[in-house]
Every structure is written in structure tokens, then in C-alpha cells.
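>>> quick one: sequence plus predicted model below, questions after.
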Amino acid sequence: MVSPKAFLGVSQHGGRRTDDRLQAFALKISLDGGQYRTVDWSLSGVLVGDYYGARGPEDEVEGSFQIATDMNSYPFKAVVVRRDSTAGQLALNFTDLRPRAFSVLEAFMMGRYGI
């Protein structure tokens, strides 16, 4: 039997990360008037792809995320951890994630959410 994490493409973390990252299913991120897809995400933050905006480390941001199978939008507040202008990536660490949004991410990561 395949574990939910293996099925969902969870990568083991290293360094300063505190949660496993999910790569297989991207979230849609709304940030600063733009729409982006995640490279990976966890319960503590997201790595946004195709980001070429002006945000940089230590910037505080507000945005929302959606899961492809769910039309609901879940707001969050985060701080920019790093920006890679060459790769077009922006790493965000959640600073305010409502309980419902956290529950949705947790259920999705554990394979208990309809995908």
C-alpha cells in the first residue's frame, strides 16, 4: 500500500524547513493582483513559481490560495523568506492562516481531501 505522502509527491525537507513539502498538486496563489502556481507547499508556507514581481525578503504580504478541486478561496498573511529572480520563485512563510485554511491544507496533504 502506498502512503498518502508518497502518492501525493511529498518531498522530505532539509535545512530550516519544519514541514514536508507537497509538489504533486499545485495551489493557485493570488498575490498582488497576480495569479501564480506553487512549485511546492507545506503547512507553513509556499514556494510560488513564475513570480517576477517586486516583493523581496522580509516583505509582509496578503494573498489567498485555491485548490483545483475547490472553488473556495482561503486568505493568508505571510512574510517573504527569499526571492530568486532568476528562477522566478518567491518563498513565503505563513504568519496568519485561518483555522479552516490550515485544515484544508492538512487534509489535502494527508490524502483526506477530494483530489
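Yep, that arrived. Since the structure is predicted, the reported quantities are computational estimates derived from the model, not experimental observations.

>>> for the lengthiest helix in the chain, which positions count as buried?
Once the chain is assigned using DSSP state H, the helix that runs over the most residues is helix 99-109. For helix 99-109, the neighbour count (16 or more other CB atoms under 10 Å) marks 101, 104-105, 108-109 as buried. In short, each C-beta sits where N, CA and C put it, glycine included.

>>> and it, what does it pack against?
If contacts are counted by 3 or more CB pairs under 8 Å, 6 or more residues apart in numbering; DSSP states H and E, helix 99-109 sits against strand 60-67, strand 74-84.

>>> middle-most residue in this structure, spatially?
Central residue check for the chain by CA atoms, centre = their mean: the C-alpha nearest the mean position is that of residue 46, 2.9 Å away.

>>> just checking, it touches residue 26?
No: Residue 46 sits out of contact with residue 26 when judged by CB atoms under 8 Å, with a separation of 9.6 Å.

>>> shared neighbours of those two, anything?
residue 38 (CB atoms under 8 Å, 6 or more residues apart in numbering).

>>> thinking again about what came up before, so the longest helix of the chain versus strand 74-84, what angle?
Computed by axes from the mean of the first three to the mean of the last three CA atoms, to 10 degrees, the angle separating helix 99-109 from strand 74-84 equals 70 degrees.

>>> run a quick neighbour tally on residue 60.
The number of residues packed near residue 60 is 11, by other CB atoms under 10 Å.

>>> contacting residues around it?
So residue 60 contacts 77-80, 95 (CB under 8 Å, 6+ apart).

>>> go on, residue 97?
74, 76-77, 105.

>>> repeat that with 6 Å
residue 76 (CB atoms under 6 Å, 6 or more residues apart in numbering).
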